[in-house]
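**Q** Here is a sequence together with a model predicted from it:
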Amino acid sequence: MKISELNDMQKPELETKLQDNLDALQNLRFQKALQQLTDPQQIRYLRREIAQIKTVLREYELGIRKDLTEDK
């Protein structure tokens, strides 16, 4: 997922995406342990996306980004 797509997402969507990615990362780690992982680079890309999502969520906490759903 591109960072521009993350910028367009709202806070609840980001939290859901974060949880999905954490579950997928755990699944990939199990596959790696069982030597069933076909593309080891998937772990790297997923970890990077998790970090990007956490960064955007932290910006919401600090008030750097404004959540448009809070105004309503």
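**A** Sure, I can see it. Residues are numbered from 1 along each chain as shown.
**Q** Going by C-alpha atoms from here, please, whenever you check contacts or count neighbours.
**A** Noted.
**Q** I50 is in contact with I3, correct?
**A** No. I3 lies out of contact with I50 (CA atoms under 8 Å); the separation is 11.3 Å.
**Q** out of the two, which sits in the more crowded spot?
**A** Of the pair I3 and I50, I50 is the one with more neighbours under other CA atoms under 10 Å, namely 19 against 11.
**Q** Quick one, grab the pLDDT at that one.
**A** In this model, I50 is scored at 97, pLDDT.
**Q** ok, now how distant is the closest residue to it other than its chain neighbours from Q35?
**A** Spatial nearest neighbour of I50, chain neighbours left out: L18 (6.2 Å); criterion: CA to CA, 6 or more residues apart in numbering. L18 sits 25 Å away from Q35, taking CA to CA, to the nearest Å as the criterion.
**Q** re earlier: and for the helix or strand hosting the residue nearest to I50, what's in contact with it?
**A** Element membership for L18 (DSSP states H and E) is helix 11-33. Outside helix 11-33, the residues that touch it by CA atoms under 8 Å, 6 or more residues apart in numbering are 6, 37, 40, 42-43, 46-47, 50, 53-54, 57, 60, 67.
**Q** ok, then the element right after it?
**A** That would be, after helix 11-33 and using DSSP H and E, helix 41-62.
**Q** Could you give me the buried positions within that next one?
**A** Residues of helix 41-62 classed as buried: I43, L46, E49, I50, Q52, I53, V56, L57 (neighbour count, 16 or more other CA atoms under 10 Å).
**Q** just to revisit the earlier point, shared neighbours of I3 and I50, anything?
**A** Common neighbours of I3 and I50, counting by CA under 8 Å, 6+ apart, are absent.
**Q** ok so, going back, can you tell me how far the residue nearest to I50 is from R48?
**A** L18 sits 11 Å away from R48, going by CA to CA.
**Q** Just flag the most distant two among the contacts of helix 11-33.
**A** Farthest apart among those by CA to CA are L37 and D67. That separation is 37.8 Å.
**Q** May I see the buried residues of the worst-scoring helix or strand of the chain on mean pLDDT?
**A** Ranked by mean pLDDT, DSSP states H and E, the helix or strand of the chain with the weakest confidence is helix 3-8, at a mean of 87. Of the residues in helix 3-8, L6 count as buried by neighbour count, 16+ other CA under 10 Å.
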